[in-house]
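> Sequence first, predicted model second:
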Amino acid sequence: MTKKPLFIVLDGIDGCGSTTHSQLLAAFLEYKKDFKVHLTHEPSKSDIGKLLRKFLKNEEIPPTTDALLFAADRDLHYHNEIKKRLDDGYIVISDRYIESSIIYQSIQSDRISIEWIKQLNKFIGHPDLTIILDIEAKTALARKKEKDLEKFEDTSFLVKVRNLYLSRAKQEGYHIISSDDIIEFVQEKIQKTVLDKLNTQN
């Protein structure tokens, strides 16, 4: 198998398991398949990312501010971390990326369009493979501890989020994998999707 750089994103509604599966996928590719792997996430570890984590629990912060901060964090994240690793031949796995902004911020406010979010993020690179982990909203919320809940996490909102993820996945050709199953089975499907992508790279 040719070992070329690849940018992979795992995304989905909160509680879908993207963090767990990103970690498992990274370990599989690095230790079982001998790839150079860099695992990252959004919000990033930058100062902007740290500010975002604080704001995500504050209901007084408008969604437009969230969108602008996410775009700033992502621009820095891509150019200072992701692109550098890809240039060095790594497989980069990101737990969430631009789809999270497109979905969450556009649903939070009628004033925020998907096109505006795309414009804010127009200078970033795009993933080679995006996998949407799908799960019902009630099941996803049940996985979260109350202290970890963010301001937009309630069942009715997450139902809208899930529906838009599925709609955009079909529109953009993203892979959809149900994460409402035993972790090992879900991870096996993710690994197969990634290996298939690696095998078909030019």
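Received it, and whenever you're ready, just let me know what you need.
> What ranges does the protein have for its strands?
Remark: strands assigned in the chain by DSSP state E are 6-11, 37-41, 91-95, 129-134, 175-178.
> what stretches of the chain score poorly on pLDDT?
For the chain, the stretches flagged by pLDDT under 70 are 1-2, 144-153, 202.
> Report the central residue of it.
Geometric centre of the chain, nearest residue: Arg96, 1.6 Å, by C-alpha atoms, centre = their mean.
> Show the contacting residues for it.
Val9, Leu10, Asp11, Ser18, His41, Glu42 (C-beta atoms under 8 Å, 6 or more residues apart in numbering). To be clear about C-beta, it is placed using only N, CA and C from the backbone, and glycine gets the same treatment.
> ditto for Gly12
Residues counted as contacts of Gly12 (C-beta under 8 Å, 6+ apart) are Ser18, Ile132, Leu133, Asp134, Ile135, Tyr165, Ser179.
> from what I can see the fifth one touches His21, true?
No. Contact between Ile135 and His21 fails when scored by C-beta atoms under 8 Å: they sit 11.5 Å apart.
> what do those two both touch?
Contacts common to Ile135 and His21, judged by C-beta under 8 Å, 6+ apart, are Ser179.
> So Lys36 sits against Ile91, correct?
Yes. Between Lys36 and Ile91 there is a contact under C-beta under 8 Å: 6.8 Å.
> Between those two, point out the one with more neighbours.
Set Lys36 next to Ile91 and count neighbours by other C-beta atoms under 10 Å: Ile91 wins out with 26 against 14.
> where exactly do the helices run in the chain?
With DSSP state H as the criterion, the chain has helices at 18-27, 47-55, 63-77, 83-87, 98-108, 114-120, 137-142, 155-172, 183-199.
> who's in contact with the third one?
Think helix 63-77. 40, 42-44, 46, 48-49, 51-52, 55-56, 97-98, 100-101, 104-105, 108-109, 111-112, 116-117, 120-121, 123-124.
> For PyMOL, write the selection for the buried entries among those residues.
This is how PyMOL selects the buried members of the contacts of helix 63-77, with burial counted by 16 or more other C-beta atoms under 10 Å:
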select buried, resi 40+42+43+44+48+49+52+55+56+97+98+100+101+104+105+108+112+116+117+120+121+124
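> From Ser156, how far out is Val182?
Val isn't right for residue 182; it's Ile. Distance of Ile182 to Ser156, computed by C-beta to C-beta, to the nearest Å: 28 Å.
> swap in Val194?
33 Å.
> neighbour count winner among the two?
Per other C-beta under 10 Å, whichever of Val194 and Ser156 has more neighbours is Val194, with 23 against 8.
> give the contact list for Lys4.
Residues near Lys4 by C-beta under 8 Å, 6+ apart: Gly89, Leu198, Gln201.
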